[in-house]
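A.B. asks: Build me a model:
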Amino acid sequence: MTMSDYSRKQLQEEKVFKDPVHRYVHVRDQVIWDLVKTKEFQRLRRIKQLGTLYLAFHSAEHSRFNHSLGVYEIVRRMIENFEEYPEWDSNDRLLALSAALLHDLGHGPFSHTFEDIFHTDHEEYTKKIILEDTEVNEVLSRVSLEFPREVAEVINKTHPNKLVISMISSQIDADRMDYLQRDSFYTGVSYGNFDMERILRVMRPSKDEVLIKESGMHAVEDYLMSRYQMYWQVYFHPVSRGGEVMLNLVMQRAKALYKSGYNFKQQPTYFIPFFNEDVTVHDYLRLDEMVVNFYLQEWVREEDEILSDLAGRFVNRDLFKYLPFDGSIITITELNELYKKAGIDPDYYVFSDSYSDLPYDYDRPGQNRNRRPIHLQRPNGEIREISSQSAIINSITGIHRLGSRLYYPKEKILAIKDLKVKAEIINLLNELD
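C.D. replies: Alright, predicted model coming up:
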């Protein structure tokens, strides 16, 4: 790929972003600076990194913009360390930096919650934003006409350069190293802290992946345990998941009303493409959390009691109560029948939520799940999969931990007038507790 002079253009003076995690984010490349200034990248300021987690951790208000700059900075530092090794091709520098900066470009409002509701894929929209008629595409195309496709392929993990892909998307990558530390900082917990400086120092480039120098194994152990703790202590927090449940139910109700021809006081103009499942990149980019929150506020005033109630609950953090749940279909069926007898719509007032995490695993022979292992490089050059050398990592390898909760509106149940039905529902819920 022949790259233009623009690809080598440097700013007259380095630009820096003050950052609470990395202290500073450094930008010298004109291309990177121009990408940051695009409206598509600036939109990430209006997308929270942690979706509804602010309902549980009040300071978790940071954005995808923060995180994307952080991932870029870690990759920039990786490259600085790699430059002394012959395995690193300096021609890949701008490709790696651009892909790192843009890797989350396609996230929607409330991030993964939004994907679950409208069945969108942020990686697919990231690719579309990069390849279609956008300011980001215009900047990347100035590097070369093929450059947007190259960047999209790295993010989509289909590019032939496996080393660059692994820097941004692997089991020990810049993405995870940033969000663990950043999310830990903004939630006020210490679970996500690990020795990133040490890990960066022991990373080595190879043809197909980033390797870890054997002496850095214990720093990787710490990193993987930090990730494990963050998922179970923070990301799966029941209040945050309850916020996701409520947002999901609000959107389900709004979509059902729209499909039924309901006359909204405030027409959900920005949501209509999503309700109709006919979304363009332009439609997608118009929707951010400021827009979603506007509609949520408006829906509180709607005449439909269910939409008004659910929207009000989300806006005012009046979330459902929750109980541990084994996922039994029988229990859900019983609750649905009892809800109907009580005059409560089970489609919107009982919700089971399941979640799971796999801290570390890798594909064995015959498997093809795209789980590449973390490899250690021994002093003699020999390569070993890390769990074969670490008892700590071996103990969590392949361990798929599951959880499930049942969410319900306690005050609605207590207000049921049919005492027999109310008692049956309460007894059924008490059996779960």
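
A.B. asks: which residue ranges form the helices in the stretch 301-433 of the chain?
C.D. replies: 305-315, 329-342, 346-349, 391-396, 410-414, 419-432 (DSSP state H, counting those that start in this stretch).

A.B. asks: Just the element for residue 272, please.
C.D. replies: helix 272-275 (DSSP states H and E).

A.B. asks: In the stretch 151-300 of the chain, where is pLDDT below threshold?
C.D. replies: Within the stretch 151-300 of the chain, no stretch has pLDDT under 70.

A.B. asks: can you give me the strands in it?
C.D. replies: 203-205, 210-213 (DSSP state E, counting those that start in this stretch).

A.B. asks: hang on, the earlier thing: please produce TSV containing the helices of the stretch 301-433 of the chain, extended by mean pLDDT.
C.D. replies: Listed next are the helices of the stretch 301-433 of the chain as TSV, based on pLDDT from 0 to 100:
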stretch	mean pLDDT
helix 305-315	98
helix 329-342	93
helix 346-349	96
helix 391-396	94
helix 410-414	95
helix 419-432	93
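
A.B. asks: quick one on the thing from earlier: export the strands of the stretch 151-300 of the chain as CSV, with columns for mean neighbour count.
C.D. replies: The way it works is simple: take the backbone N, C-alpha and C, and place the C-beta from them, glycine included. Formatted as CSV, those follow (neighbours: other Cβ atoms under 10 Å):
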stretch, mean neighbour count
strand 203-205, 20
strand 210-213, 20
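
A.B. asks: nearest to residue 16, of those strands?
C.D. replies: strand 203-205 (23.6 Å; Cβ to Cβ).

A.B. asks: strands paired with the closest one, and their directions?
C.D. replies: strand 210-213 (antiparallel) (DSSP bridges).

A.B. asks: Just the endpoints, please. Distance across stretch 396-404?
C.D. replies: 20 Å (Cα to Cα, to the nearest Å).

A.B. asks: which of the residues in it are buried?
C.D. replies: Neighbour-count burial for stretch 396-404, counted by 16 or more other Cβ atoms under 10 Å, picks out 396, 397, 403.

A.B. asks: nearest to residue 184, of those?
C.D. replies: residue 396 (19.2 Å).

A.B. asks: Could you measure from the closest residue to the closest one other than its chain neighbours over to residue 35?
C.D. replies: Of all residues not flanking residue 396 in the chain, residue 359 sits nearest, at 4.7 Å (Cβ to Cβ, 6 or more residues apart in numbering). Relative to residue 35, residue 359 is positioned 33 Å away (Cβ to Cβ, to the nearest Å).

A.B. asks: More neighbours: the two, which one.
C.D. replies: A count of neighbours by other Cβ atoms under 10 Å puts residue 35 above the other of residue 359 and residue 35, at 24 against 20.

A.B. asks: so which strand or helix has that one?
C.D. replies: Judged by DSSP H and E, residue 35 forms part of helix 30-36.

A.B. asks: Check which residues of the next helix or strand after that helix are buried.
C.D. replies: Using DSSP H and E, the helix or strand that follows helix 30-36 in sequence is helix 39-42. Buried residues in helix 39-42, counted by 16+ other Cβ under 10 Å: 40, 41.

A.B. asks: mind listing what's buried in the next helix or strand after helix 39-42?
C.D. replies: Note on helix 39-42: by DSSP H and E, the next helix or strand toward the C-terminus is helix 64-82. Using 16+ other Cβ under 10 Å as the test for burial, helix 64-82 gives 64-79, 82.

A.B. asks: And for stretch 17-24?
C.D. replies: Going by 16+ other Cβ under 10 Å, stretch 17-24 has these buried residues: 17, 21, 22.

A.B. asks: chain center to the longest helix along the chain, what's the gap?
C.D. replies: Assignment by DSSP state H gives helix 238-259 as the longest helix of the chain. Relative to its chain's centre, helix 238-259 lies at 18 Å (Cα atoms, centre = their mean, to the nearest Å).
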